[in-house]
Structures are given as structure tokens and as C-alpha cells.
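Visitor: sequence and predicted model, in that order:
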Amino acid sequence: MSIPLLLANQVNAIIYLIPLLAVISLVYNATRYEIPQVIIQRSIRFFFYALIIMGVLMTLLAILSWNL
Amino acid sequence: MTDSHNQIELKNPVIAAILAFLIPGAGHFYQGRTFKAAIYCFCIMSTFFCGMALGDWKTVYYQSEPGKRNLGYFAQVGVGLPALPALIQTSRYNKAMNPDNLARNGANARYFDSHPYPQEMPLEAPFQGTLLDRGDDGKNISGELDGIIKLKTIPGEFGPEISGTFEGTLDNKPIDTLNLSDPIGMGPQLKGDSRRLLECAVVREVDGRRTDTGHIEGSIPRPFLNWFEMPLTNHALDDVNKKLGKRYEFAVVFTWIAGLLNLLVIWDAFDGPAYGRGDEEENASPDNEPTPTKT
């Protein structure tokens, strides 16, 4: 498979993961707190933290598997 | 556990938990926590049904045969009513696929996928498929068929036979009615696929005798209740994996996550939010804070 196709395939996978992460962060934080404003603030923070952590992990794995 | 239930009206927590299990968000709606009810209902239901749709509506099923059990269903069933029909469908499927039952209905389990079902006749259904035939002029005819198929049982020389007609189009052009006859093969009545395979011979009058000149192969729609959340055979699972690839895996994960998230929701309906309302720090006055002890 060519590199652009491979990248397109990966991007396609991420498109599914982002709404899933949004749902998880919203529902998880809604089960932790009661006040709507707190739920939304915490969910946004959770979403971006998770996104950054996953991005770092993905980059790390991509570097480790470079030229394998 | 927190003292959140002292501040939040949980009404009857057991009823709320049962409602939350059956329909995500219903328990919170019952407790008057409408904002959370809306979040849970929208997020969990949309995740679950997106998963179902992404996987061609074949992601949720329960296979109870030993060695074929799919443990993923136990995560999916957390979503409640939308996943529970799979249990009923498994029971119907196992009953229908029981070799004794198949034999009683005249179907041979070994040729199960291509055996006619005389008890379902007469049958009239929209048909889509292909034709491979030799016309009256001896020329080969082939193409895509789309129309109505009608089958019925008639008395034959060696017992009841199945006969019928096809009326419709070949490659979008109207054709003369095709006469159909045994051998007719039909897919099982219950299967996790919205289309039911059907194939049968095409017969024509050749030199004054009815002769098989070709066959049609295609599918008719299967009623919703006969395919929705029905167990998938290994063959059907291979087909859907081949067709959807990685998308099927994502679809299954969506449904698992929806079910697992609802477990948190059920606990929230039963015992309130895990960390409290969320405004404890703002409300805490300096007087209430414990004073550090000096040694």
C-alpha cells in the first residue's frame, strides 16, 4: 500500500475515534458530577488530555516502529 | 461512595437503576435529573446505533453454542432494551436450527442452505439477482434481474413440486415472464442477513417438453424480525469482515463501549455521582475546614 493510502487509512480510523472519545468523556464526567457546568468543563478537559496522551503514545509507537 | 445522595433526590434508587438499564437516561429522567438523562440517552444510544449501522446491523448478537459464544455480547447488553432482543433471537434460531426441527419441516440439515422449504409456499416476494439462460432462439441470455417472484407447490409425478414465475426486468428492460421450477434452493428462514438467498431453475418448452434451460440466482428480502440481532454463522462473520474490514471492528467496539458506559450510568442512577455535585469546593466555607493540629 502506498504511503498516502496508508495515511488516509489511519485518518479514517481517527475519524471514528474522536466522536467516541467525546462521548466517553461526556458520559464519564456526567457520572462523576451533577452540575451541568462542571460536567461540561471537566469533559472538555478530559477530552483534550486524552487526545494529547493518545497522540503522544501514537507518536512514540510510530517512532519505535520506524523502518520496521 | 459520597454523601451525594443526601443532596440529590434519587427517589427510589432500585427503580431508577432498572430504568437506567432498560433505556439509558430513563432512570435519571425518573429522578428529575433531565440534563444528565439527555446526555446519557443521546450519547449512549447514538454510540450504540452508530456501531450497529457501521457494522451493517450485524454487530449485536448472542451465540450460545459451546465454543462459539461471543463474550462481547455481555458488554453490549449493558445498553439494555436495544440489545436484549438478541437473547430472544438466539432462542428462536437455536430452536429453528435444531436438527429434529429441520427434519420435521422436511429440510435436510446437511443441505440446509440450498434446500427448499415447501411449508413456506405459496411465496411472493421482490427478487433481485442474476439470470443465466438459453432463450427460445437458442441464444444465451444473462443479466441482472429485478422484479417479483412467485412460487407455489403443485402436485407432481413423484410428489409435490415447486413451480413459479418471475415477472420484471432484465438489465432494466422488461422481459417475458420466466417459468421457474425445481430444484429450488432457499436460504434459511432465520439468519443474520436482511436478504435471503434464492436460486431456482428456469424452464422452457423445447420440442414440446418442459426442459431446464438455465437458472436464476439472487435474493429476496427477509422480514426484519427474522434477521435483526440473529446469531451469525462463521461463514456470515467471514463475509461481513471481508466486506467491511476494519470498519466492522470499530463498529463492534462502539457497541461494547456503549454498553459499558451504561454500567456507570446505572450506578449513577442508583447511588448518585461518584465525586459529589461538583460545587463542594465553592460551597466549603473556611469555618468548616478542619484546622491543622499543632504538635
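Guide: That came through, no problem. Numbering: from 1, shown residues only, chains lettered A, B, ... in the order given.

Visitor: and chain A, which residues reach chain B?
Guide: Residues of chain A lying close to chain B (Cβ under 8 Å from any Cβ of the partner chain) are A:9, A:13, A:16, A:19-20, A:23-24, A:26-28, A:30-36, A:38-39, A:42. For the C-beta atoms, the positions are set from N, CA and C on the backbone; glycine is no exception.

Visitor: which of the residues you listed count as buried?
Guide: Neighbour counting by 16 or more other Cβ atoms under 10 Å in any protein chain shown classes A:16, A:20, A:23-24, A:26-28, A:30-35, A:38-39, A:42 among these as buried.

Visitor: please report how far B:Leu178 lies from chain A.
Guide: Distance, B:Leu178 to chain A, using Cβ to the nearest Cβ, to the nearest Å: 43 Å.

Visitor: please enumerate the helices of chain A.
Guide: All helices of chain A, identified by DSSP state H, fall at A:3-32, A:36-64.

Visitor: out of these, deepest packed?
Guide: helix A:3-32 (a mean of 16; mean count of other Cβ atoms under 10 Å in any protein chain shown).

Visitor: show me what that one is packed up against.
Guide: helix A:36-64, helix B:34-54, helix B:246-271 (3 or more Cβ pairs under 8 Å, 6 or more residues apart in numbering or on different chains; DSSP states H and E).

Visitor: in the second one, what's buried?
Guide: Under the neighbour-count criterion of 16+ other Cβ under 10 Å, helix B:34-54 has B:36-37, B:39-41, B:43-45, B:47-52, B:54 buried.

Visitor: can you narrow those down to the ones near chain A?
Guide: B:Lys36, B:Ile39, B:Tyr40, B:Cys43, B:Ile44, B:Thr47, B:Cys50, B:Leu54.

Visitor: what about stretch B:75-87, start to end distance?
Guide: Start and end residues of stretch B:75-87 are separated by 14 Å (Cα to Cα, to the nearest Å).

Visitor: give me the most central residue, the chain.
Guide: Because you didn't say which chain, this covers chain A. A:Leu51 (3.8 Å; Cα atoms, centre = their mean).

Visitor: I was after chain B.
Guide: B:Phe228 (2.7 Å).

Visitor: quickly note the distance from A:Trp54 to chain B.
Guide: No, residue A:54 isn't Trp; it's Met. Separation of A:Met54 from chain B (Cβ to the nearest Cβ) stands at 15 Å.
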